[in-house]
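Student: Quick one, what's the 3D model for this:
(2 chains)
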Amino acid sequence: DAGVIQSPRHEVTEMGQEVTLRCKPISGHDYLFWYRQTMMRGLELLIYFNNNVPIDDSGMPEDRFSAKMPNASFSTLKIQPSEPRDSAVYFCASSQNSVSNQPQHFGDGTRLSIL
Amino acid sequence: GDSVTQMEGPVTLSEEAFLTINCTYTATGYPSLFWYVQYPGEGLQLLLKATKADDKGSNKGFEATYRKETTSFHLEKGSVQVSDSAVYFCALTLNTGFQKLVFGTGTRLLVSP
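Tutor: Have a look, this model is predicted:
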């Protein structure tokens, strides 16, 4: 079975540049989540979608961050302009339905370094 | 608010030792509880779950029992292996129909031969 697929796996760019992270959820999953993981703050939920509609974006740190889900098989997280403090591992996850005991399936993450 | 508290790591053990990682939670309702594991360079994977009080989740030799009276979900394994070295996250979701996971800070386990 294909899991959650994220690209790129690694991204190194200079501050001020636009960064786009991509995610393909598991087919048939209705929920998609974006997380950020850092040593200082741990795992933070940034935003999640249900049936391609953003439900809760209260974790998005500031207006430089935006996320879209144009269809059921694709989502992007964009940072513009990027800053060194955005350096982190960004995870995408998906889950099957709204029953709260269903697990989330995570991708392998994108390790982002902003110089 | 809803939260999960885990013991600080790292936890360092020798192979075949007994493992306990403590997890307690605070929640307004009756949550479902999870343990996720993260191996180096990978995303989180579900290890086990329990959806109601007194349920025991188990997988790959790991166990955790949902204790409502102590609001705990401690992870245990009788005999750890080097391959169990990873970061373990305790998490909850509220049974409100929404999928939002609340994670603990994670506990790193290091197992030496």
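Student: Let me see the contact set for the residue in chain B positioned nearest to chain A.
Tutor: In chain B, the residue that lies nearest chain A is B:G43 (3.3 Å; CB to the nearest CB). (C-beta placed from N, C-alpha, C; glycine too.) For B:G43, the contacting residues are A:4, A:91, A:93, A:106-109, taking CB atoms under 8 Å, 6 or more residues apart in numbering or on different chains as the criterion.
Student: okay, residue 82: pLDDT?
Tutor: You didn't pick a chain, so chain A it is. We note a pLDDT of 96 for A:S82 in this prediction.
Student: I was thinking of chain B, sorry if that wasn't clear
Tutor: Among the per-residue scores, B:V82 shows a pLDDT of 96.
Student: tally of neighbours for it?
Tutor: 11 (other CB atoms under 10 Å in any protein chain shown).
Student: Could you verify my assumption that it touches B:L13?
Tutor: No. In this structure, B:V82 is not within contact of B:L13 by CB atoms under 8 Å, at 10.0 Å.
Student: shared neighbours of these two, anything?
Tutor: With CB under 8 Å, 6+ apart applied, the overlap between the contact sets of B:V82 and B:L13 consists of B:111-112.
Student: how far does stretch B:17-32 sit from the chain's center?
Tutor: When distances are taken as CA atoms, centre = their mean, to the nearest Å, stretch B:17-32 is centred 7 Å away from the chain's centroid.
Student: does any part of it sit near chain A?
Tutor: Yes. Part of stretch B:17-32 sits close enough to chain A to count as contact by CB under 8 Å from any CB of the partner chain, namely B:S32.
Student: Using PDB, list the CA coordinates for that stretch.
Tutor: Below are the C-alpha coordinates for stretch B:17-32, written out as PDB (Å, rounded to 0.1, in the frame of the first residue of the first chain):
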ATOM      1  CA  ALA B  17      15.500  -4.800  30.100                       C
ATOM      2  CA  PHE B  18      11.900  -3.900  31.100                       C
ATOM      3  CA  LEU B  19      10.500  -0.700  29.700                       C
ATOM      4  CA  THR B  20       8.000   1.700  31.200                       C
ATOM      5  CA  ILE B  21       7.300   5.200  29.700                       C
ATOM      6  CA  ASN B  22       4.800   7.100  31.700                       C
ATOM      7  CA  CYS B  23       2.000   9.100  30.200                       C
ATOM      8  CA  THR B  24      -0.800  11.000  31.900                       C
ATOM      9  CA  TYR B  25      -3.500  13.100  30.300                       C
ATOM     10  CA  THR B  26      -5.900  15.900  31.000                       C
ATOM     11  CA  ALA B  27      -9.100  16.000  28.900                       C
ATOM     12  CA  THR B  28     -12.600  17.500  29.300                       C
ATOM     13  CA  GLY B  29     -14.300  14.400  27.800                       C
ATOM     14  CA  TYR B  30     -13.500  10.800  27.300                       C
ATOM     15  CA  PRO B  31     -10.600  10.600  24.900                       C
ATOM     16  CA  SER B  32      -9.100   7.900  22.800                       C
END
